[in-house]
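[1] Quick one: sequence and predicted model below, then my questions.
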Amino acid sequence: MLKLMPTDETTPAIPRPAKQRVHEARVVLSDLDGCLAAGNVALEGAVELARQLVDRLYLVSNNSSHDAPSLSQELAAHGLEIPAQRIVLAGILAVDTIARRWPGCRIMVCGSSALRCQAQNLGLTVADREVDVVLVARDISFDYRRLEAAANALADGAHLVAANPDGTHPGLHGRLVPETGALLAAIRACVPNHPCTTVGKPEPAIFQEALDLAGCDAADAIMLGDNPATDIAGARALGMDAVLLGNHPDAEVGSVAELVA
């Protein structure tokens, strides 16, 4: 009789379902736009999931318009309760990064009043010319004159920092909302070889900021997101588990509603 010899090969482990991994994780990091909300209006299942996860849920967003307190208030008005202490935003983190790297510098802020206020609070001088740093974020008043000023500041030697690389983010009813990356593309068309520091996802700093706030290692956390190039790739680069949501071919679930226990 032919005897089958044992081999060293092991049967691959069957991956646990996304819902199970989310509810077993010590900390859950989540994207906002297209994942928990659209236009700051909570998507189906988001409010209930936030209630179930309680203080294990941290928001990690490439939002570059708000500060954490104002965003927390807007979300709460739609029933999505995430306190400011558990919100990490690319725009604010970009200003914080600039203040650490170039303390007391003169900065041109192509962005919201919240970012300008943060810069001033950290001892930076917000100016439109003779600046040391140009910060590009989502700026709804961006125009030709602003483009010209930013391009010439960079040509004169200013450092370029972008809050995130996103060209758009999903808004209400599937509408596209132009983002930082769209403005950055216009600026870089003028100074194509100028180096740029990007702060938001998929860069590791924004994920690490949230993990540090939570006092958690990457191996004990999980990331929820709808963008494979930023949310998922960035998290996995740190050794973190991740769940892709939405209609992407590689998505594990269609929406956060499928993650509610």
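    Structure received.

[2] Show me what the helix or strand encompassing residue 50 is packed against.
    Residue 50 is part of helix 46-53, with elements assigned from DSSP states H and E. If contacts are counted by 3 or more C-beta pairs under 8 Å, 6 or more residues apart in numbering; DSSP states H and E, helix 46-53 sits against helix 18-24. All C-beta atoms are positioned from the backbone trio N, CA, C, and that covers glycine.

[3] One more pass at 10 Å, please.
    Contacts defined by 3 or more C-beta pairs under 10 Å, 6 or more residues apart in numbering; DSSP states H and E place helix 46-53 against helix 18-24, strand 27-30, strand 37-38, strand 41-42, strand 57-61, helix 68-76.

[4] do you know which of these lies nearest residue 188?
    strand 57-61 (23.2 Å; C-beta to C-beta).

[5] by how many degrees do the closest one and helix 68-76 diverge?
    Inter-element angle recorded for strand 57-61 and helix 68-76: 110 degrees (by axes from the mean of the first three to the mean of the last three C-alpha atoms, to 10 degrees).

[6] Quick one: closest of the helices and strands packed on helix 46-53 to residue 206.
    strand 57-61 (6.0 Å).

[7] As a check, name the ranges of all helices in the stretch 151-261 of the chain.
    180-190, 204-214, 233-237 (DSSP state H, counting those that start in this stretch).

[8] for the protein, which spans come out with low pLDDT?
    Residue ranges of the chain with pLDDT under 70: 1-14.

[9] how's it carved up into domains?
    Annotated domains of the chain cover 18-90+202-259, 102-198 [automatic domain parsing].

[10] In JSON lines: the ones you listed, plus mean neighbour count and distance to residue 96.
    Formatted as JSON lines, those follow (neighbours: other C-beta atoms under 10 Å; distance: least, C-beta to C-beta, whole Å):
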{"stretch": "domain 18-90+202-259", "mean neighbour count": "19", "distance to residue 96": "9"}
{"stretch": "domain 102-198", "mean neighbour count": "18", "distance to residue 96": "7"}
